[in-house]
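> quick one: sequence and predicted model below, then my questions.
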Protein chains: 2
Amino acid sequence: MLTDFKEFSAFKVAALAGGVGGAKLARGLDQALPPGNLTIIVNTGDDFVHFGLQISPDLDSVCYALAGLADPVKGWGRAEETWNNYNALMELGAPTWFKLGDKDLALHLERTRLLQAGWSLSAVTGHFCERWGINSRVLPMTDAPFRTRVKTADGNLLDFQEYFVRERCAPAIAGFVFSHAEDIQPTPAVLAALEEADLVVLCPSNPWVSIDPILRLPGIRETLREKTVLAVSPIIQGKTVKGPAAKMFAELGITPSSLSVLAHYEDFLDGFVFDLLDGELFHNYEGKRIILLGTQTLMQNDEDKARLAAEVLRFGEQLIVRKAL
Amino acid sequence: MLTDFKEFSAFKVAALAGGVGGAKLARGLDQALPPGNLTIIVNTGDDFVHFGLQISPDLDSVCYALAGLADPVKGWGRAEETWNNYNALMELGAPTWFKLGDKDLALHLERTRLLQAGWSLSAVTGHFCERWGINSRVLPMTDAPFRTRVKTADGNLLDFQEYFVRERCAPAIAGFVFSHAEDIQPTPAVLAALEEADLVVLCPSNPWVSIDPILRLPGIRETLREKTVLAVSPIIQGKTVKGPAAKMFAELGITPSSLSVLAHYEDFLDGFVFDLLDGELFHNYEGKRIILLGTQTLMQNDEDKARLAAEVLRFGEQLIVRKAL
């Protein structure tokens, strides 16, 4: 089944991804496509500095997934991780709300060193991918600092990781602040990857804080309107597998559902993939322009990822053919 | 034997120390003296930034020694250390010439975090000592950046850790550069500790790169001339237990010997402790002002440290009494 795509060497795919859910589908797409045909454009709005180290949680989740190093149980960080550094930080009374494993720390140390030596985040990420033998290209959405902050219902403005990890997404949100997003350029490589792509896939990542930061960058949304684009819903039966996307929809006064995810991307979408468990929601769907695919979207293991990736790619081909008619 | 000093609660000691050898005697003095009577003033000329982290090798050696966390075999770093981070750095092709253990890394992470939050190095060091239940005061010689560099015989200028760790002290040296040392102030706490001290002990540390940086700071040498000061030779039979002190003496055209160490500090020294194995060297010693003590100075275990510390303290008392006559 997958070999179809391996042979279809001209088929270029660009995927937009955030953290865990996005990394899972990225892993599936990477396995399904020939080496070099997939570019994953990753949110860096979650990036932050901790203990003086530059941390890029979404880039790391995607790279670990593609390198086969991701922890399959926790859903974040590296497999076979150890916590001796973490325990020593506890002894010192240091803040430990963001858990850094001993092996994971190596990535942040080396990234920080290279950035301070003048490398771009794109170059650092490419270097790591090369070291790990990753065939797809992983690109940060921008090389410039971009910070997503969360406006809480009680009037606070939290850095994303403070909200997400330290506060465990507990505060009700009122919105998001992407400081100077309109002035921050996507890298030329990101724009080129989108231009060259036959198909653009929005991975099942949080629309508000994983995909929207990418869409906010100048030129991205305009480019997507010219391309064949499909999205995979991160919401199944009103819930997310992981993360606060459903909670965010509700707190913003929108029903958390795959239908709301579709509506969120409506202006540039050609196709939408939802879970069959949500089938009823789409019975009366009237947006004729957007083609729907209901399938099993939950990815619990590498087989699920490969199967969903193959379905997404087939669906993408149909969308391209249909658009050409 | 040690209880004598435990009872002598008014006896204030300031010790000047670098890394490993200094840390050993500091450990002995800390065990011998009542809590709060010892202040250790530590060289920070070895400090450097690695992977964006602020590393203070000598402060760490002294603190680990006093906390009972030092590795007794390696002579640096923490006991029961693990190397999962180090191995992950190797996988990434990162520079690994300066080995950072998983637990040791916690210290550098938290130090960096606190310094970036506006703490002084003195405050950070005090905080760590408190967390570890260390009774003596450990003070960095200065809170300002001070960098020792090594001039090599072939005309290069190396940062100290590059020379010491990366190049394993292989290049022949021509001298040392302490950039702007005359403009870098010792902390008020350092000057006060020296003023208050009944006895100042120069630990068996490298005279050139551990003790000299401290002596270079404005006011230190002048203060020492007013105090009762003794030094313990880091050289036994022309060799050092660890580190390049003997090699440095030779490359600077000075016979590496305990006698040369004495000469190095001659202008402010009241007493000098050398190893009995060097007894012959001092048979014809004619500097009447400086009192000599020959004893066993090699510290291979905690008992050695305690015994040498007790001898040093007794010798110091004699020097004080003699000076008062």
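That came through, no problem. Computed from a prediction, not measured in an experiment: that's the story for all the values here.

> and after the helix or strand bottoming out on mean pLDDT in chain A, which helix or strand comes next?
Lowest on mean pLDDT, DSSP states H and E among the helices and strands of chain A sits helix A:3-7, with a mean of 52. Reading on from helix A:3-7 to the C-terminus, the next helix or strand found by DSSP states H and E is strand A:13-17.

> buried stuff in that next one?
A:13-17 (16 or more other CB atoms under 10 Å in any protein chain shown). In short, each C-beta sits where N, CA and C put it, glycine included.

> same question, stretch A:101-117
Buried-residue list, stretch A:101-117, by 16+ other CB under 10 Å: A:101-115.

> which of the residues you listed are close to chain B?
Restricting the buried residues of stretch A:101-117 to those near chain B by CB under 8 Å from any CB of the partner chain leaves A:102-107, A:109-110, A:112-113.

> taking the residues you listed one by one, which sit in helices?
A:102-107, A:109-110, A:112-113 (DSSP state H).

> need the longest helix for chain A.
Max-length helix for chain A by DSSP H is helix A:302-324.

> that older thread, dump the ones in helices among the ones next to chain B among the buried residues of stretch A:101-117 into a markdown table; add pLDDT as well.
As requested, those are arranged in a markdown table below (pLDDT from 0 to 100):
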| residue | pLDDT |
| --- | --- |
| A:Asp102 | 98 |
| A:Lys103 | 98 |
| A:Asp104 | 98 |
| A:Leu105 | 98 |
| A:Ala106 | 98 |
| A:Leu107 | 98 |
| A:Leu109 | 98 |
| A:Glu110 | 98 |
| A:Thr112 | 98 |
| A:Arg113 | 98 |
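
> which of those sits closest to B:Arg216?
A:Arg113 (30.2 Å; CB to CB).

> residue contacts, that closest one?
A:Arg113 makes contact with B:50-52, B:94-95, according to CB atoms under 8 Å, 6 or more residues apart in numbering or on different chains.

> equivalent analysis for A:Ile55, please.
So A:Ile55 contacts A:47-49, A:98, A:108, A:111, A:161 (CB under 8 Å, 6+ apart).

> now stretch A:311-325: how far from the chain's centre is it?
22 Å (CA atoms, centre = their mean, to the nearest Å).

> what mean pLDDT does it get?
Averaging pLDDT along stretch A:311-325 gives 92.

> C-alpha coordinates for it, CSV please?
Extracted in CSV, the C-alpha atoms of stretch A:311-325 (Å, rounded to 0.1, in the frame of the first residue of the first chain):
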residue,chain,number,x,y,z
GLU,A,311,-5.0,7.6,3.3
VAL,A,312,-4.1,11.3,3.6
LEU,A,313,-1.8,11.1,0.6
ARG,A,314,-4.4,9.2,-1.5
PHE,A,315,-7.0,11.7,-0.5
GLY,A,316,-4.5,14.5,-1.5
GLU,A,317,-4.1,13.0,-4.9
GLN,A,318,-7.8,12.9,-5.4
LEU,A,319,-8.0,16.6,-4.4
ILE,A,320,-5.3,17.5,-6.9
VAL,A,321,-7.0,15.5,-9.7
ARG,A,322,-10.4,17.1,-8.9
LYS,A,323,-8.9,20.6,-8.8
ALA,A,324,-7.3,20.0,-12.3
LEU,A,325,-10.7,19.0,-13.8
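
> secondary structure element holding A:Leu139?
Short version, using DSSP H and E: A:Leu139 is in strand A:137-140.

> so that strand, near chain B or not?
No: using CB under 8 Å from any CB, we find that strand A:137-140 stays clear of chain B, coming within 14.8 Å at best.

> with just CA atoms, put that strand into PDB.
What follows is strand A:137-140 as a C-alpha-only set of coordinates in PDB (Å, rounded to 0.1, in the frame of the first residue of the first chain):
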ATOM      1  CA  ARG A 137      13.300  18.200   5.700                       C
ATOM      2  CA  VAL A 138      12.300  19.700   9.000                       C
ATOM      3  CA  LEU A 139      12.100  23.500   8.900                       C
ATOM      4  CA  PRO A 140      11.300  25.900  11.700                       C
END
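
> just checking, what packs against that strand?
Here strand A:137-140 touches strand A:38-42, helix A:57-67, helix A:121-131, helix A:188-196, going by 3 or more CB pairs under 8 Å, 6 or more residues apart in numbering or on different chains; DSSP states H and E.

> state the mean pLDDT of the following helix or strand past that strand.
Sequence order places strand A:148-152 as the next helix or strand after strand A:137-140, per DSSP H and E. Here strand A:148-152 scores 95 as its mean pLDDT.

> from the rest of the structure, what touches strand A:148-152?
Contacts for strand A:148-152 (CB under 8 Å, 6+ apart): A:45-46, A:157-160, A:163, A:171-179, A:209, A:213.

> so which of those reach chain B?
Within the contacts of strand A:148-152, nothing lies near chain B by CB under 8 Å from any CB.

> that older thread, and the contacts of A:Arg113 as JSON lines, adding pLDDT and neighbour count?
Converted to JSON lines, the contacts of A:Arg113 look like this (pLDDT from 0 to 100; neighbours: other CB atoms under 10 Å in any protein chain shown):
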{"residue": "B:His50", "pLDDT": "95", "neighbour count": "16"}
{"residue": "B:Phe51", "pLDDT": "97", "neighbour count": "26"}
{"residue": "B:Gly52", "pLDDT": "95", "neighbour count": "20"}
{"residue": "B:Ala94", "pLDDT": "97", "neighbour count": "18"}
{"residue": "B:Pro95", "pLDDT": "95", "neighbour count": "12"}
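
> could you list which of these belong to helices?
Among the contacts of A:Arg113, no member is found in helices (DSSP H).

> which one of those is nearest A:Ala245?
B:Gly52 (32.7 Å).

> quick check: the closest residue to the closest one other than its chain neighbours vs A:Val20, distance?
Distances taken as CB to CB, 6 or more residues apart in numbering or on different chains put A:Thr112 closest to B:Gly52, at 4.0 Å, once the chain neighbours are dropped. Using CB to CB, to the nearest Å, we find A:Thr112 at a distance of 23 Å from A:Val20.

> can you check A:Arg307 too?
Between A:Arg307 and A:Val20 the distance is 18 Å, computed by CB to CB.

> then A:Gly253?
For A:Gly253, the distance to A:Val20 equals 26 Å [CB to CB].

> which one's more surrounded, those two?
A:Val20 (25 against 6; other CB atoms under 10 Å in any protein chain shown).

> so that one sits against A:Ala245, correct?
No: if you go by CB atoms under 8 Å, A:Val20 and A:Ala245 don't touch, sitting 11.3 Å apart.

> count the residues that sit near A:Phe282.
The number of residues near A:Phe282, taken as other CB under 10 Å, comes to 15.

> show me what from chain A comes close to chain B.
Counting by CB under 8 Å from any CB, the residues of chain A near chain B are A:50-54, A:82, A:84-85, A:87-89, A:91-95, A:102-107, A:109-110, A:112-113, A:116, A:127-128, A:131.

> so what's the closest residue to A:Ala14 other than its chain neighbours up against?
Leaving aside its sequence neighbours, A:Ala14 sits nearest to A:Ala197 (CB to CB, 6+ apart; 3.8 Å). By CB under 8 Å, 6+ apart, A:Ala197 lies in contact with A:12-14, A:39, A:227.

> columns pLDDT on top of these, output as TSV?
Compiled in TSV, those are given as follows (pLDDT from 0 to 100):
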residue	pLDDT
A:Lys12	96
A:Val13	98
A:Ala14	98
A:Thr39	98
A:Lys227	97
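
> which one of these sits closest to B:Trp76?
Checking the contacts of A:Ala197 against B:Trp76 with CB to CB, the nearest one is A:Thr39 at 45.1 Å.

> distance of the nearest residue to the closest one once chain neighbours are set aside relative to A:Val42?
Counting by CB to CB, 6+ apart, A:Thr39 lies nearest to A:Ala193, which is 3.9 Å off, once chain neighbours are set aside. Look at A:Ala193 and A:Val42: by CB to CB, they are 12 Å apart.
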